[in-house]
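J.: The following comprises the amino acid sequence and a computationally predicted model.
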Amino acid sequence: MTQVLAIEHLTYAYPDAAPPALDDVTLHVEEGELVVLAGRSGSGKSTLLRLASGLVPHVHGGTVSGTAIVAGMDVRDHGPGELAAVTGSLFQDPETQVVMGTVRNELAFPLENRGESPAAIARGVEEAALALGIAHLLERPTHALSGGELQRVALAAALVGRPQLVLLDEPTSQLDPVAGDELIGLLRRLNEEWGTTILLAEHRLERCLAAADRVVAMADGRIACDADPSGFLAWAHEAAPALETPGARLLASVGLGPAPVGVKQARAVLRSHGALPSAEGPALLRAGPVASGRAHTRLSAGAFASSAPPARSASVALRLRGVWVEPRGEPAILRGVDLSLQAGQRVALMGRNGAGKSTLLRHAAGLASPSRGKIERGGRVALLLQNPNDYLVHERVSEEASADALAAVGLTGFADRHPRDLSGGERQRLALAIVLGGEDVEPPALLCLDEPTRGMDRAHKADLAVLLGRLSATGTALLVATHDPEFAALVADRVVLLADGAPIADGSAAEVLSGGWYFATETARILRGAGGALDPDAGAALVRAWLGTGSAAPLASHPTPTEVRRR
Amino acid sequence: MPVRRSVSPLHAARAAVGCLLCAVLALPALLFDSPLVLGAVCASALAIATAAGEPRPLLRALLFALPFALVIALLNPLVTRNGLTVIARLGEAPVLGQVDVTLEAFVYGCVLGLRALALILCCALYASVVDPDEVLRLFRRVSFRSALTATLATRMVPVLQRDGRRMADAQRCRPGAAPSRVALVRAVAAGALDRAVDVAAALEVRGYGTARRPPRVRAPWSRHDLAFAAVALLLFAGTLAAWLADVAAFDAYPLVHGDWDAAAWVLAGGIVLLPLLPFLDRRGVEPRRAASQLAWGRR
């Protein structure tokens, strides 16, 4: 087999950075492989992808030793422009990768740069658009596309030249679960049908392991594991639990194996041990005693005190009554939304890209006024927008927020640092400190967060959940717009599902997140929503109960919300 | 200002013709001092934008340009000593010396302000009706990188506008005192640089660094191409002829004097009405309602 990427003993350091971002990396990728890059934030995944695309070192500078050969071209001798003939790259933020005014022009751009004939360009554009299902978008202006559409267009632009190697850096981080799953399925199809080699960095491993041929885990710039998905999960269980998927943790907790790379395999393992009956269709299992497991998870995280929040427990933090948002000349974004949040309540707001989540948060915080309807606030509403960088305007962390606010988010030791020198997770916490304010500011009755876990690894998400739990325990209500069902399950006690500007589901997290296909945690999907178990610990408690009886649970109807709450 | 395609005959015309029309419209603003002609250019730009379904970008540009034009109008009489009709004696000023405001200097300041307004409106018209991607194609065979840089500069405007709006929202979310303007300007500049680096990286991985000279593409001329090109040429010829014939002459110094005869009014009328004629033929153009559908933005 031909090697598309061959890296030998490569060490790379960014300019003015002491520790190398890549440290003695040796990696070979064969033609037609789909390789997932795993690792915590800052482990070197993005740098490795940028190396393969030639941006490192040609655009970023820095020092390199060792060799990196991409499709026969040495990265040190060939810049990103030349490597673009054999590679296609897609990074996290699609908005910064689209350079032309219309989708057709965007797809034509790489081919025009190669000096292709007009006929070849027209054919290439049509084929890429058809392959990615965006033919209907070809004449649309790029500024009018949704996040998911923009990501597809950027991917099509990366693929239009039929590259041998496609490099993707967290391409699903801004996508809703539906679009994310679609994108991974699309990559698998391109890999199988076109033979395209794919190198994919991703934090939500449960989403892509089933499609992968190999997983390369990175830590501190080095390759810590290079194995097939099952081998990787076995390694992660021992060496890097933060990289373990919920499904793998679920089975490991009950002592079953092998570690499953996806929902299908997890079900097969459970079924083979009699812990899951074979069933046709969306049959659901009878709920078991999951309350203890779930409560244990939450309390052990230290995030969520089970006692009622003090002080404002009975007051309303936010009430929306018949709120409509109807921009001039455009379709309505919110359609008669009724929503009420009590003090200390933790609500996750979910829905597809464009469902109206961000708009709802902006209106809740008073950044915009609705066309119709009323919004009542129980006090100050703090809003943390998607991009923490938008809040950072000073030269030192201590100038951005007061000392007590920094202490509240665990950034006391960073007071003299420049805000833009902080990591993504630290910036997020700093932005949170800014919107929360110090002791001289009225504490918020409601904290709204818009996609706070975008691009975050699992450990950082857990840290954020702990922080939010502490806030919630003081009586501040939380309204978190998120695409991440695992984070929603971790942080929320209630989930509101928005579609086309109106809530279509509103219930306990167990009820909403265990009853769907897309807006469901991996544990819930494996157990088909049984008992409202959302996380591996609660799922394991349920499976242990079933195994303890020695027989598989019988098929039953889906638990009612009351049943779920009681449990 | 993002360009919406094929929602008017002017949008449907090729970029070269759109560029030509905007340039020809700006020509009288450069050649003539007559307020009548300068006003006609402003009115023409606004009328064309309205006929093309894009009045808002030009009205926004007008709002931005009016204070600028006013500053020019007020500044000129303070710094020039020409003109015979003194309307105010402001005495000694530290740098300017004896400041006597003359009627002629004030009128010429107004002419300069009006000229700036006309040129800004012509640029805004170009930005809202000419597709920058097509401009890139137009000039890439001559100077690819310069054309791309110019195109990207146009494209960066809406991106930076969105960034600015987001940052303004973020600052509104801060409790307590707002940060200083200096801090905000510094942050906006840093954000713009970050954006520029991201876009540069995107360009590199799309093969911009090794871009080759593209083959020549000949596209057939549409009815809208022909109509607007004919109007542009007619306007160019009329403007040139009027300038050579000293039509609509205007002098601010030493005393204000201008021709307001029939020829001047015909020239002004031609500048306003001629570019509107091609809009009467809407064949081959999408219905206007498509514009709102196309502009359906992100939520």
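T.: Looks like it arrived, so ask away.

J.: ok, the residue lying farthest from the centre of chain B - contacts?
T.: Taking C-alpha atoms, centre = their mean as the measure, the residue most remote from the mean C-alpha position of chain B is residue B:176, 39.7 Å away. Shown in contact with residue B:176 (C-beta atoms under 8 Å, 6 or more residues apart in numbering or on different chains): A:437, A:440, A:441. No exception for glycine: its C-beta is placed from N, CA and C like everyone else's.

J.: Pipe the residues you listed into a markdown table and attach secondary structure, pLDDT and neighbour count per row.
T.: Shown next, in a markdown table, are these (DSSP: H, G, I helix; E, B strand; the rest coil; pLDDT from 0 to 100; neighbours: other C-beta atoms under 10 Å in any protein chain shown):
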| residue | secondary structure | pLDDT | neighbour count |
| --- | --- | --- | --- |
| A:437 | coil | 87 | 21 |
| A:440 | coil | 80 | 10 |
| A:441 | coil | 84 | 17 |
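
J.: Check those residues against residue B:50 and report the nearest one.
T.: Taking C-beta to C-beta as the measure, residue B:50 sits nearest to residue A:437 out of the contacts of residue B:176, at 47.0 Å.

J.: Number of residues surrounding residue 58?
T.: No chain specified, so I'll use chain A. By other C-beta atoms under 10 Å in any protein chain shown, the residues close to residue A:58 number 19.

J.: meant chain B actually
T.: 27.

J.: can you tell me if stretch B:51-68 touches chain A.
T.: No. Stretch B:51-68 does not reach chain A (C-beta under 8 Å from any C-beta of the partner chain); its nearest approach is 10.3 Å.

J.: quick one: contacts of that stretch?
T.: In contact with stretch B:51-68 (C-beta under 8 Å, 6+ apart) are residues B:1, B:4, B:7-11, B:45-46, B:49, B:113, B:116-117, B:120-121, B:123-125, B:127-129, B:276, B:279, B:288, B:291.

J.: try stretch A:232-240
T.: With C-beta under 8 Å, 6+ apart as the criterion, stretch A:232-240 contacts A:38, A:209, A:215, A:217, A:219, A:224-225, A:227, A:243-245, A:248-249, A:252, A:258-261.

J.: Measure how far it is from the centre of its chain, please.
T.: 21 Å (C-alpha atoms, centre = their mean, to the nearest Å).

J.: rewinding a little: only whichever of the contacts of stretch B:51-68 are buried, select them in PyMOL.
T.: Applied in PyMOL, the following selects the buried portion of those according to 16 or more other C-beta atoms under 10 Å in any protein chain shown:
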select buried, chain B and resi 1+4+7+8+9+10+11+45+46+49+113+116+117+120+121+124+125+127+128+129+279+291
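
J.: Narrow the contacts of stretch B:51-68 to those in helices?
T.: Under the assignment DSSP state H, these contribute B:9-11, B:45-46, B:49, B:113, B:116-117, B:120-121, B:123-125, B:127-129, B:291 to helices.

J.: sorry, back to before: regarding the residue farthest from the centre of chain B, what is its secondary structure?
T.: Following DSSP: H, G, I helix; E, B strand; the rest coil, we place residue B:176 in the coil state.

J.: repeat for residue B:98
T.: Assignment for residue B:98 (three-state DSSP): strand.

J.: Phi and psi next, for the nearest residue to it once chain neighbours are set aside.
T.: Ranked by C-beta to C-beta, 6 or more residues apart in numbering or on different chains and with sequence neighbours excluded, the top spatial neighbour of residue B:98 is residue B:92, at 6.0 Å. Here is the backbone geometry of residue B:92 (degrees, to the nearest 10): phi -80, psi 130.

J.: ok, longest helix in chain A?
T.: Per DSSP H, chain A has its longest helix at helix A:177-194.

J.: And for the next helix-or-strand element following that helix, what's in contact with it?
T.: Reading on from helix A:177-194 to the C-terminus, the next helix or strand found by DSSP states H and E is strand A:197-201. Residues from elsewhere that reach strand A:197-201, judged by C-beta under 8 Å, 6+ apart: A:4-5, A:29-39, A:45-46, A:48-49, A:52, A:164-171, A:187, A:190-191, A:208, A:212.

J.: now the angle from strand A:197-201 to helix A:177-194?
T.: Interaxial angle, strand A:197-201 versus helix A:177-194 (axes from the mean of the first three to the mean of the last three C-alpha atoms, to 10 degrees): 150 degrees.

J.: what are the pairing partners of strand A:197-201, and which direction each?
T.: strand A:34-39 (parallel), strand A:165-169 (parallel) (DSSP bridges).

J.: In the stretch 51-200 of chain A, which residue sits nearest chain B?
T.: residue A:81 (2.5 Å; C-beta to the nearest C-beta).

J.: how near is that residue to residue A:104?
T.: Separation of residue A:81 from residue A:104 (C-beta to C-beta, to the nearest Å) stands at 22 Å.

J.: quick one: secondary structure of the closest residue to residue A:276 other than its chain neighbours?
T.: Nearest residue to residue A:276 in three dimensions, chain neighbours excluded: residue A:270, at 3.8 Å (C-beta to C-beta, 6+ apart). Following three-state DSSP, residue A:270 is assigned to helix.

J.: burial measure for residue A:270, as a count.
T.: 25.

J.: And it, how far from chain B?
T.: 40 Å (C-beta to the nearest C-beta, to the nearest Å).

J.: try residue A:216
T.: Residue A:216 is 21 Å from chain B, by C-beta to the nearest C-beta.

J.: of all the residues in the stretch 101-250 of chain A, which ones are close to chain B?
T.: Contact residues (C-beta under 8 Å from any C-beta) of the stretch 101-250 of chain A with chain B: A:101-102, A:105, A:109-110, A:112-115, A:117-118, A:139-141, A:143-147, A:157-158, A:161.

J.: list the contacts for the closest residue to residue B:167 other than its chain neighbours?
T.: In space, residue B:167 comes closest to residue A:390 once its chain neighbours are excluded; the distance is 4.7 Å by C-beta to C-beta, 6+ apart. Applying C-beta under 8 Å, 6+ apart, we find residue A:390 in contact with A:431, B:166, B:167, B:169, B:170, B:191.

J.: From the contacts of strand A:197-201, list just the buried residues.
T.: Looking at the contacts of strand A:197-201 with 16+ other C-beta under 10 Å, the buried ones turn out to be A:4-5, A:29, A:32-39, A:45-46, A:48-49, A:52, A:164-171, A:187, A:190-191, A:208, A:212.

J.: if we can go back for a sec, which other helices and strands contact the longest helix of chain A?
T.: Judged by 3 or more C-beta pairs under 8 Å, 6 or more residues apart in numbering or on different chains; DSSP states H and E, the packing partners of helix A:177-194 are strand A:34-39, helix A:147-159, strand A:165-169, strand A:197-201, helix A:205-208.

J.: Let's have those in CSV, adding mean pLDDT.
T.: As requested, these are exported to CSV (pLDDT from 0 to 100):
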stretch, mean pLDDT
strand A:34-39, 96
helix A:147-159, 86
strand A:165-169, 94
strand A:197-201, 95
helix A:205-208, 90
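
J.: Mind checking the ones you listed for the one nearest to residue A:478?
T.: Nearest of the helices and strands packed on helix A:177-194 (C-beta to C-beta): helix A:147-159, 23.2 Å.

J.: Could you check how far the closest one is from the centre of its chain?
T.: 17 Å.
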